[in-house]
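**Student:** Mind looking at a prediction? Sequence and model below.
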Amino acid sequence: MSRALYLIMLSTLCALLPVMQGGCQQRGYVSRNTRAGESRAALLGLESLQAALDQPELAGQIRALGQGQQLRHALADGTGVLITRERGHIVVVIDDDGDMPDNATGPDGDSPRAACIAVDMDADGSLDRTIDYDDLDGDGVADQMLQTYTVRSTWGYRPFLVVSRDFDEGPLRLWSLQDYGYIQQLCQWDCDFGGDGWFAMFARDRGRWNATLECPFCFYDRDGDALAEETVRLIAAGTRLRSARYSINADNDATEGQLYDYDVSVTCLGSAEVPAEAQETLTHRSGNEIGPVLRWEDAREVVRDADWQRCLLIWDENDHNTAADKADRERWEGILNAEWRGFPQEGGPPTLTLNKRFELDADFSGRMRLYWWPADARLHLHGAEEGAIEVDFDYDGALDLHVEYADTDADGFFDRRIVSYPGTDLPDRRLDGPREYATPGASGDAATLPLDYEAIAQFWPHEMAARSQAAADVLAALQATAQRLGLPLHLEALNFYEAATPAEFAYIDRLRASAEARRYYREVALELAFAHLIEDARGAGGIPAAEIGRLVSARELFDAGDLVGAKERLLAPAGR
């Protein structure tokens, strides 16, 4: 190896030493700066504390501490601090509000009012992260948490900042951390991602804390139950929004033992500037400005008013909004879309595509508004050119039913469905119309409504329940018809829903407890039962043409959304 090459390699290695975990203390070198050359202590707003830690006497006392031992110290300005060694870290609790009791072993109780936890993760004498708690409304409980990382975190080897705010008295408070940092798989289910609140992320760039990634991620409790009925997740770069996901718990139910149960989500892609009047900035303890960032109070309106390029609706038809790779919990983030027909996955982990309804507005012509289609008693995405439901009712990996939606005249409303029955010899069906789209209870001829919890909740749960009962009534009439004709009735979907064991599907009890899932399974069963019974009647021989005609006309009424008429047609006396 040449001397010149050796010197180059040595120079490169020396430059890397400050950011190699453990490398600093092993070689007697401690970096006090970030990769960009900013002082860590200044970035954390802890110059006086860092100066105290650098004093030989205090540094020696800290080195002498055993695991879990503590010492108290007063900074030059009189601020009290509590210093301890913990799991290879040096942890300093800064008593910002001056009320730390003499026997304190940590921050002011479980939810500190005003305290800062500063951590030297490598115990090398250089502080590298803080967790600040603030009581913004003076009620004695912290409602803002600010995590500042100068070296490394879940979000990479760079300075990073996360602000979270909690506006309610719900079952959780702010964020839960592991080893003084956020690790999603370990922390997410103990964080307060519900009720009224938000969090926002910021990266350090050119001497500023700029909005990045999820900024903000907002939660809204619309009925005062301390649970979120709406959540809005924005991806931002500075004041430029790149995507939005707006999710709603449309029927305001809850999965037993869980805090989240979102039913519908619209994800938007494009580019939108945050209006100046909807921006706010925050101030770090260092004095540095954070942001600007979209205000929690304005996020929903800004998302609905923005000129996005395209959007995708997902409706959780069977009320089982879980990750595709881990189905044990309802997701707190809303409904995360899988890639669908060229619309990319946004965030993760994505939901399953099975038993969900996807609808794509490829040009954002419908501006993320919804409409009610009596034909299938569902809310659809206005402007969507196409949509589909892929049904696998027993989760065996084989499709049982496929419904394709289309807007053939480009007026923003679906007017055609193609129903197919994978794995069978049943013929596909093309259903055109009906072209009626009035929202139940709406005044005038308003055909669309905003993506908003109150706009949906005032009628959709009632209409969903009514449709579910009507489907049950038609199924009963169909059973009576099949018995009268001496033909079997294919009710595999309903039998699975009502009788499957957890060994067959681990979460079947959740589905049975859900009114939305019950409606879904009844309608899937009804569609399949009609299709099989009509084909069986046609192929059986000896079934009067009038009886076959009765079945066909009843199904036509079902296709048009008239389930009462379908039931009456099935039960009408012979000859009528």
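**Tutor:** Cool, got the structure.
**Student:** For the stretch 451-576 of the chain, which residues score under the pLDDT cut-off?
**Tutor:** Scanning the stretch 451-576 of the chain with the threshold set as pLDDT under 70 gives 575-576.
**Student:** mind checking the SS state of the closest residue to Ala377 other than its chain neighbours?
**Tutor:** Using Cβ to Cβ, 6 or more residues apart in numbering and skipping the chain neighbours, the partner closest in space to Ala377 is Arg467 (4.1 Å). C-betas here are computed from N, CA, C, even on glycine. The assignment at Arg467 comes out as helix when based on DSSP: H, G, I helix; E, B strand; the rest coil.
**Student:** residue ranges with poor pLDDT in the stretch 251-400 of the chain?
**Tutor:** When the per-residue scores of the stretch 251-400 of the chain are filtered using pLDDT under 70, the ranges that remain are 255.
**Student:** contacts for stretch 252-263?
**Tutor:** 171-172, 193-194, 223, 227-229, 231, 247-251, 315-316, 319, 321, 329-332, 334-335, 457, 461, 510, 513-516 (Cβ atoms under 8 Å, 6 or more residues apart in numbering).
**Student:** Leu234 touches Ala244, doesn't it?
**Tutor:** Yes. With contact defined as Cβ atoms under 8 Å, Leu234 and Ala244 form a contacting pair (5.4 Å).
**Student:** quick revisit: next, find the distance separating the residue nearest to Ala377 from Ala59.
**Tutor:** Separation of Arg467 from Ala59 (Cβ to Cβ, to the nearest Å) stands at 71 Å.
**Student:** residue ranges for the helices of this protein, please.
**Tutor:** For the chain, applying DSSP state H gives helices covering 3-16, 23-26, 40-44, 47-53, 56-64, 184-187, 299-305, 453-457, 460-485, 492-499, 508-512, 515-540, 545-559, 563-571.
**Student:** deepest of the ones you listed, which one?
**Tutor:** Scoring those by mean neighbour count under mean count of other Cβ atoms under 10 Å gives helix 40-44 as the most buried, with a mean of 23.
**Student:** List the contacts of that helix.
**Tutor:** Defining contact as Cβ under 8 Å, 6+ apart, one finds that helix 40-44 is touched by 31-34, 47, 49-51, 118, 126-130, 148, 150-151, 159, 204, 285-286, 288.
**Student:** what separates that helix from the chain centre, distance-wise?
**Tutor:** Between the centre of helix 40-44 and the centre of its chain there are 33 Å (Cα atoms, centre = their mean, to the nearest Å).
**Student:** can you pull the contacts of Phe558?
**Tutor:** Residues near Phe558 by Cβ under 8 Å, 6+ apart: 474, 526, 530, 566.
**Student:** same thing with Gly366?
**Tutor:** With the criterion set at Cβ under 8 Å, 6+ apart, Gly366 makes contact with 311, 381-384, 412, 448.
**Student:** Can you flag the buried ones in the residues you listed?
**Tutor:** Burial of the contacts of Gly366 was assessed by neighbour count (16 or more other Cβ atoms under 10 Å); the buried members are 311, 381-384, 412, 448.
**Student:** among these, which are in strands?
**Tutor:** Restricting the buried ones among the contacts of Gly366 to those inside strands, with DSSP state E as the criterion, leaves 311, 381, 448.
**Student:** I'd like those residues as CSV, with distance to Glu547 appended.
**Tutor:** As requested, these are arranged in CSV below (distance: Cβ to Cβ, whole Å):
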residue, distance to Glu547
Cys311, 46
Leu381, 40
Thr448, 42
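**Student:** Which of these sits closest to Val391?
**Tutor:** Checking these against Val391 by Cβ to Cβ gives Leu381 as the nearest, at 19.4 Å.
**Student:** Dig out what that closest one forms beta bridges with.
**Tutor:** In this structure, Leu381 bridges to Leu370 when assessed by DSSP bridges.
**Student:** Run a quick check on it versus Glu359, I expect a contact.
**Tutor:** Yes. In this structure Leu381 lies within contact range of Glu359 using Cβ under 8 Å: 4.3 Å.
**Student:** Now do the shared contacts for the two.
**Tutor:** Between them, Leu381 and Glu359 have 313, 387 as joint contacts when contacts are counted by Cβ under 8 Å, 6+ apart.
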